[in-house]
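In: build me a model:
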Amino acid sequence: MEYVQGESLTHWCDAQRLGIRERLGLFLQVLEAVRYAHEKQVIHRDLKPSNIMVSGSGQVRLLDFGVASLLESADTGPMALTGLHGRALTPDYASPELLRGEPIDVRTDLYSLGVLLYELLTGTRPYRLKRAASIGAIDQAVASLEVRKPSTQLGPSAGTTRATTAEQLTRQLRGDLDAVALKALAKDPARRYPSAAALADDLRRFLDDKPIRARPPRIAYRLGKLVRRNGTLLGVAAVALAAIVVAVGYALYRESRSQVTDSANAFAVSAAPSPASTLAAFAPPAHSIAVLPFLDMSEQRDQDYFAVGLSEELIDLLTKVPDLHVPARTSSFYFKGKLTQLAEIAKALNVANVLEGSVRKSGHAVRITVHMIRVDSGYDVWSQTYDRNLKDIFRVQDEIAAAVVQALTAQLLSNRVEPYRPTSIEAYTLFLQGRYLNAQDSGPDWSRATHVLQRAMSLDPDYALAWAALARSHYYLAAVVERGSDRDSDMEAAGAATRKALALNPADAATHYLLALIKVTYEHDWNGAVAEMDAGRRADPELTEPRELVEVRGCTSGPCQQKYIHDISRDIERDPLNVHALADRAWSHAFAGELDTAESDMRRVLAVNPGGVQGIDGLALVLIARGKAA
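Out: Alright, predicted model coming up:
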């Protein structure tokens, strides 16, 4: 045999203290050799560092095809290699199907390459199997294998041997390289890369700062790649945009100081028109009502979360009434704290009626005052004051909802599923507080929400809504707040809480979609994500999937994209001030080439939330796409 001088791949990389990009360059040489072998119908079957040598000049040589098999034979004959020499010579690098003695193809080598890539990136293997273990023990071990993301499994000296720190190495691996490694190491061969060329292509895309194919084409992800590839050009644009934003922000600040009313309210007017003149221009459905956030009239003014929570509960109850138009929380609560006339609110939300109220809570005693107002006349349709003990709060909610329905001459669903009522009023109060904190859009509030909701579950472990709210707190922290290694623990906690919530209430479509997002963004389990999306659609066909999930289905153009635009437009009709839905529709129009409409939607996002980054950045990028960079 030819004598090849050099060191094994992993030893050579560590001795040279090569960084991640240099290691990937060598690994691409390995992939090219494996691609050549596969084209010749040869499966190596024993890919591992000791069979890959690196010369002093940095040239990779792939060795030891002694246990290779031809694709056309695939070990099916009576003298099959597996029968002669056992299931695998190196269990730690062997694919599950090779260890089990099942038929193999080129994806068997792709799995071994995944183990090798994992070791090159982290300095450790994803797992270790006992060489002398029995067949039954190996089968059991393979079935229970859990491969964790490379970024969470660094070896003791991984940073040092890669000429960096452990923290910087974690950041380099997190995201793209996690996804690539986990795709190569999928237990199911159908979920792995189909060829060495496909794996090489994804790694080259990573090195070129292009979106990889192992991750779904989410908008934020693609924009981030665009920024990294065009840093200088976009940096100049960003500086110019920042200057514009500062100038506009200062102008708005000065204007707001000179006005009595809230200038941020896109629907406010300098001279308030009469209800009759305002409502003449629109004809809302007769059976429509907006539930405004109830006011906290408690002595200490410390029960806002309870008052707001009661409003949200009523929205949930009334939404279940057929043929009753009820704007969602996002739109109704937009007007909280704003000096806006009911006529303007009704016009903005396209409703004929408004429900407003107040809560005065002291200990276990609560007084709830509710008014239902017909906006075109300004008269109360119905009003009521409830003086109750807190333990009767659920009965009060049902009474209010029934009174509203009766006043609108609608019919409650005779077969409506009754919502789960927590066994502890304290648990319910904590749930309201946690949901209130979740709505504040800030890291410290989300962190507080996790503690509050955990207390709620300790009092009532079967409270599905509280589990779902806890999942959202952790997901927001992981997806939005930069928290280093804590991101992994938050995302894992979000996944566990979501699964618990669905075990208690499988019919919660929104929670199915949340689990699908977790599977996409963290677990890289696309098949599982699609299954959760299908479950969510079955649970509530009217609930539109988030854009990140729509893209998982490949819905980025053509009739599929137009259907999504139709569905999200229907949601906007119900929730007209939902900036997330408006931004999603804007991006859909942009990807469909309808830039005029995309710009219009982005301007609506800014009108509703003038200081929001989503609208500012979104409008800037749409204008750049239209050739209006200045």
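
In: can you give me phi and psi for residue 615?
Out: phi -70, psi -40 (degrees, to the nearest 10).

In: with residue 386 instead?
Out: The phi/psi pair for residue 386 (degrees, to the nearest 10) reads phi -120, psi 120.

In: give the contact list for it.
Out: 366, 367, 368, 369, 370, 396, 399, 400 (CB atoms under 8 Å, 6 or more residues apart in numbering). For the C-beta atoms, the positions are set from N, CA and C on the backbone; glycine is no exception.

In: confirm the third one sits in a helix?
Out: Think residue 368. No. With DSSP: H, G, I helix; E, B strand; the rest coil as the criterion, residue 368 is located in strand rather than a helix.

In: out of everything not next to it in sequence, what's closest to it?
Out: residue 386 (4.5 Å; CB to CB, 6 or more residues apart in numbering).

In: and for residue 510?
Out: residue 543 (6.6 Å).

In: would you confirm that the one you found contacts residue 507?
Out: No. Here residue 543 lies out of contact with residue 507, judged by CB atoms under 8 Å, at a distance of 11.4 Å.

In: domain ranges for the protein, per the record?
Out: 7-210, 272-419 (automatic domain parsing).

In: one step back: quick one: secondary structure of the residue nearest to residue 510?
Out: coil.

In: what's the helix or strand containing residue 31 packed up against?
Out: Per DSSP states H and E: residue 31 is located in helix 20-39. When contacts are defined as 3 or more CB pairs under 8 Å, 6 or more residues apart in numbering; DSSP states H and E, helix 20-39 packs onto helix 9-15, strand 60-62, helix 106-122, helix 166-173, helix 196-207.

In: which residues of the stretch 401-550 of the chain score low on pLDDT?
Out: In the predicted model of the stretch 401-550 of the chain, residues 403, 405-420, 441, 482-485, 547-548, 550 satisfy pLDDT under 70.

In: ok, which stretches of it are helices?
Out: Using DSSP state H, counting those that start in this stretch, the helices found in the stretch 401-550 of the chain span residues 425-438, 443-459, 464-480, 486-504, 509-518, 526-539, 547-552.

In: got the ones you listed as a markdown table, with distance to residue 358 and mean neighbour count columns?
Out: Formatted as a markdown table, the helices of the stretch 401-550 of the chain follow (distance: least, CB to CB, whole Å; neighbours: other CB atoms under 10 Å):
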| stretch | distance to residue 358 | mean neighbour count |
| --- | --- | --- |
| helix 425-438 | 16 | 22 |
| helix 443-459 | 24 | 19 |
| helix 464-480 | 24 | 24 |
| helix 486-504 | 32 | 19 |
| helix 509-518 | 29 | 24 |
| helix 526-539 | 35 | 18 |
| helix 547-552 | 38 | 21 |
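
In: how about these in TSV, adding distance to residue 354?
Out: Formatted as TSV, the helices of the stretch 401-550 of the chain follow (distance: least, CB to CB, whole Å):
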stretch	distance to residue 354
helix 425-438	22
helix 443-459	28
helix 464-480	26
helix 486-504	32
helix 509-518	26
helix 526-539	30
helix 547-552	31
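
In: for residue 375, find the nearest of those helices.
Out: Proximity to residue 375 (CB to CB) singles out helix 425-438 among the helices of the stretch 401-550 of the chain, at 27.1 Å.

In: between helix 464-480 and that closest one, find me the angle.
Out: 30 degrees (axes from the mean of the first three to the mean of the last three CA atoms, to 10 degrees).

In: which residues does helix 425-438 contact?
Out: Helix 425-438 has contacts (CB under 8 Å, 6+ apart) with 304-306, 308-310, 312, 364, 390-391, 393, 422, 445-446, 448-450, 452-453, 455-457, 459-460, 463, 465-466, 469-470, 472-473, 476.

In: would you quantify the distance from residue 474 to residue 481?
Out: Residue 474 sits 11 Å away from residue 481, going by CB to CB, to the nearest Å.

In: which ones are touching the most centrally placed residue in the chain?
Out: Closest to where the C-alpha atoms of the chain average out (CA atoms, centre = their mean) is residue 517, at 4.0 Å. Residues in contact with residue 517 (CB under 8 Å, 6+ apart) are 475, 529, 546, 548, 549.

In: quick one: residue 360 and residue 297 touch, right?
Out: Yes. Counting by CB under 8 Å, residue 297 is a contact partner of residue 360 at 4.5 Å.

In: between the contacts of residue 386, which is nearest residue 203?
Out: Among those, and counting by CB to CB, the member closest to residue 203 is residue 400, at 59.2 Å.

In: correct me, but that closest one touches residue 370?
Out: Yes. Counting by CB under 8 Å, residue 370 is a contact partner of residue 400 at 5.6 Å.

In: mutual contacts of those two, please.
Out: 384, 386.

In: mind listing residues that contact stretch 32-39?
Out: So stretch 32-39 is contacted by 43-44, 47, 60-62, 65, 68, 71, 106, 109, 113, 195-197, 200 (CB under 8 Å, 6+ apart).

In: at 10 Å instead, please
Out: 42-44, 47, 52, 60-63, 65, 68, 71, 105-106, 109-110, 112-113, 195-200 (CB atoms under 10 Å, 6 or more residues apart in numbering).
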